[in-house]
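Engineer: I'd like to go over a predicted model; first the sequence, then the structure.
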Amino acid sequence: MKTVLITGANKSIGFETARQLLQQGYYVYLGSRDIQKGQQAVRQLQAEGLTQVEPIEINVDDLASIKAARETLDQKTTVLDVLINNAGIHGAMPQTSLEADISVFKQVFDTNVFGVISVTQAFIDLLRQSPEPRIVNVTSGLGSLTLHSDPNWKYYMVKPTAYVASKAALNAYTIVLAYDLRDTAFKVNSVDPGYTATDFNNHSGPGTVPDAAARVVKAATFGPDGPTGQFFSDDNVPETGISPW
């Protein structure tokens with residue numbers, strides 16, 4: 001049975017991603033910064049008959065928490081097949097380039113960039129034990145520098161600076177990580193779940209959570225011939241499913 005760790009999975013897209021992977025036969029370690037919320041999410045899935053799941057307390061902003069999560073997982077498994085770096089924050093608004101306080105940038109980057117790097121580095125050796133390891137970094141279409149430079153893009157006017165910069169940095173990390181793992185069985189990709197109606201955006205997005213999670217699950221379950229080092233975004237570029245960086 002393949003195993004997967006999903007950060008920020010006690011609700012929304014992360015939770016639905018856990019559900020869909022459970023339905024495909026994966027054993028899910030459901031990451032949550034609040035263990036009680038994680039336990040509640042697990043109970044909900046178990047009530048649906050999806051029992052191969054357990055909560056893992058992990059706060060991606062806290063190195064001690066990441067280390068503790070790794071120690072917890074060491075007691076449960078010697079291999080991790082999939083890591084989904086889903087946890088992310090938007091940050092306080094407004095976020096104009098000249099008015100956003102530097103503390104907002106630091107907070108957003110701590111979760112969206114440094115958290116991803118820290119978690120990936122902490123669990124990489126468990127992933128190396130898998131014959132087909134997968135890393136999915138959940139990004140945003142707003143992380144595309146190319147599209148942000150195009151006045152004709154439908155989201156051209158949407159520029160929350162700290163968030164945009166953090167997702168662009170996350171995409172850059174994905175490119176380099178995929179390169180560093182290029183001669184291995186790893187598949188490393190960025191996935192934009194789309195503008196989805198969640199708490200993250202006060203349910204303003206037109207997309208559904210199941211559709212958003214399905215995009216993440218697709219990248220998490222790529223076969224041996226699947227792509228690596230790509231930025232997938234059906235919402236931005238539905239013709240190809242691949243977004244420009």
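Structural biologist: In hand now; what should we look at? Residues are numbered from 1 along each chain as shown.
Engineer: neighbours of the closest residue to residue 72 other than its chain neighbours, how many?
Structural biologist: Nearest residue to residue 72 in three dimensions, chain neighbours excluded: residue 56, at 6.0 Å (CB to CB, 6 or more residues apart in numbering). Yep, even glycine has a C-beta here, placed from its N, CA and C like the rest. Residues near residue 56, counting by other CB atoms under 10 Å, number 22.
Engineer: and if you look at the one 5 residues further on?
Structural biologist: By other CB under 10 Å, the residues close to residue 61 number 15.
Engineer: beyond the lengthiest helix in the chain, next helix or strand please.
Structural biologist: For the chain, the helix with the greatest residue count under DSSP state H is helix 161-180. Helices and strands here follow DSSP states H and E; after helix 161-180, the next one along the chain is strand 187-191.
Engineer: quick one: the helices in this structure, in order.
Structural biologist: 12-23, 35-47, 63-74, 102-109, 115-127, 145-148, 161-180, 209-220.
Engineer: name the helices or strands packed onto the first one?
Structural biologist: Contact partners of helix 12-23 among helices and strands, from 3 or more CB pairs under 8 Å, 6 or more residues apart in numbering; DSSP states H and E: strand 3-6, strand 27-32, helix 35-47, strand 82-85, helix 209-220.
Engineer: buried deepest among the helices of the chain, which one?
Structural biologist: Mean neighbours per residue, mean count of other CB atoms under 10 Å, is largest over these for helix 12-23, with a mean of 23.
Engineer: restrict that helix to CA atoms and write it as CSV.
Structural biologist: The C-alpha trace of helix 12-23 is given here as CSV (Å, rounded to 0.1, in the frame of the first residue of the first chain):
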residue,chain,number,x,y,z
SER,A,12,-10.7,22.2,2.2
ILE,A,13,-8.6,21.0,-0.7
GLY,A,14,-6.1,19.2,1.4
PHE,A,15,-8.9,17.2,3.1
GLU,A,16,-10.6,16.4,-0.2
THR,A,17,-7.2,15.3,-1.6
ALA,A,18,-6.9,12.9,1.3
ARG,A,19,-10.3,11.5,0.6
GLN,A,20,-9.6,10.9,-3.1
LEU,A,21,-6.3,9.2,-2.4
LEU,A,22,-7.9,7.0,0.2
GLN,A,23,-10.5,6.0,-2.4
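Engineer: what mean pLDDT would you report for it?
Structural biologist: The average pLDDT for helix 12-23 rounds to 98.
Engineer: got any ranges where this structure has weak pLDDT?
Structural biologist: Counting by pLDDT under 70, the chain contains low-confidence ranges at 197, 199-206.
Engineer: so what's residue 79 closest to, chain neighbours aside?
Structural biologist: Per CB to CB, 6+ apart, closest to residue 79 is residue 129, 4.0 Å.
Engineer: so who does the one you found touch?
Structural biologist: 78-80 (CB atoms under 8 Å, 6 or more residues apart in numbering).
Engineer: I'd say residue 17 and residue 84 touch.
Structural biologist: Yes: with contact defined as CB atoms under 8 Å, residue 17 counts as touching residue 84 (6.4 Å).
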